[in-house]
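>>> give me a 3D structure for the following:
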Amino acid sequence: MNKQNIILIGMPGAGKSSVGVILAKVLGYEFIDTDLVIQHREKRLLREIIADEGNEGFLAIENEVNATLEADKSVIAPGGSVIYEAKAMEHYKETATIVYLKLNYEDLESRLGNLVDRGVVLKDGMTLRDLYNERLPYYEKYADITLDETGKEFGELVDELRAYFEGLEK
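Now for the predicted structure:
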């Protein structure tokens, strides 16, 4: 298996799905949102899975889906919590170029709505700032490429990624 896939990692609200759909179109790739794969497989919304199974149960389902996902020439947008799952991230490291969409905390806070409705895994008593600080080292650890979103529109991010990946194909 080769690294013909692109994985977009980052916080909820970083634009993984928005950037991913457009990037897939311009590169002629498939687009896979693993949150939708999980919902389809489980026949429940993410927030329902978390409510029914708890955070650990949800993470186990997420890990299994991400660690076994088979794709080729795809842009894949996993949930922000995928970075906690070593098995899934090892699978992605072998099969994809991992792009970290880095969003500063202030922009993140202004983009996000209700975290529970989004199906975000939060431990009891954890704030968005706590979650951001906890996840940052993981995103940096796994990233092959870090794309700073500060002051950029989604279209600009897509253009930068397109130029990078089309340059690799030459």
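>>> look up how far L23 lies from the spatially closest residue to R111 that is not a sequence neighbour.
Nearest residue to R111, sequence neighbours excluded (CB to CB, 6 or more residues apart in numbering): G13, at 4.0 Å. For the C-beta atoms, the positions are set from N, CA and C on the backbone; glycine is no exception. For G13, the distance to L23 (CB to CB, to the nearest Å) stands at 17 Å.
>>> quick one: which of these two has more around it?
Comparing G13 with L23 by other CB atoms under 10 Å, the one with more neighbours is L23, at 24 against 21.
>>> element containing the more buried one, please.
Taking DSSP states H and E as the definition, L23 sits inside helix 16-27.
>>> repeat for V158
helix 154-169.
>>> likewise N66?
Here N66 is assigned to helix 46-67, by DSSP H and E.
>>> mind exporting that helix as PDB, just the C-alpha atoms?
Taking Å, rounded to 0.1, in the frame of the first residue of the first chain, the C-alpha atoms of helix 46-67 are listed here in PDB:
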ATOM      1  CA  LEU A  46     -21.900  10.700  17.100                       C
ATOM      2  CA  ARG A  47     -23.500  12.400  20.100                       C
ATOM      3  CA  GLU A  48     -25.800   9.500  20.500                       C
ATOM      4  CA  ILE A  49     -22.900   7.000  20.400                       C
ATOM      5  CA  ILE A  50     -21.100   9.100  23.100                       C
ATOM      6  CA  ALA A  51     -24.200   9.300  25.200                       C
ATOM      7  CA  ASP A  52     -24.900   5.500  24.900                       C
ATOM      8  CA  GLU A  53     -21.300   4.100  25.000                       C
ATOM      9  CA  GLY A  54     -19.400   6.800  26.900                       C
ATOM     10  CA  ASN A  55     -16.200   8.500  25.700                       C
ATOM     11  CA  GLU A  56     -14.200   5.300  25.900                       C
ATOM     12  CA  GLY A  57     -16.800   3.300  24.000                       C
ATOM     13  CA  PHE A  58     -16.900   5.900  21.300                       C
ATOM     14  CA  LEU A  59     -13.100   6.100  21.000                       C
ATOM     15  CA  ALA A  60     -12.900   2.300  20.700                       C
ATOM     16  CA  ILE A  61     -15.400   2.400  17.700                       C
ATOM     17  CA  GLU A  62     -13.600   5.400  16.200                       C
ATOM     18  CA  ASN A  63     -10.200   3.600  16.500                       C
ATOM     19  CA  GLU A  64     -11.500   0.400  14.900                       C
ATOM     20  CA  VAL A  65     -13.100   2.300  12.000                       C
ATOM     21  CA  ASN A  66      -9.900   4.500  11.400                       C
ATOM     22  CA  ALA A  67      -7.400   1.600  11.900                       C
END
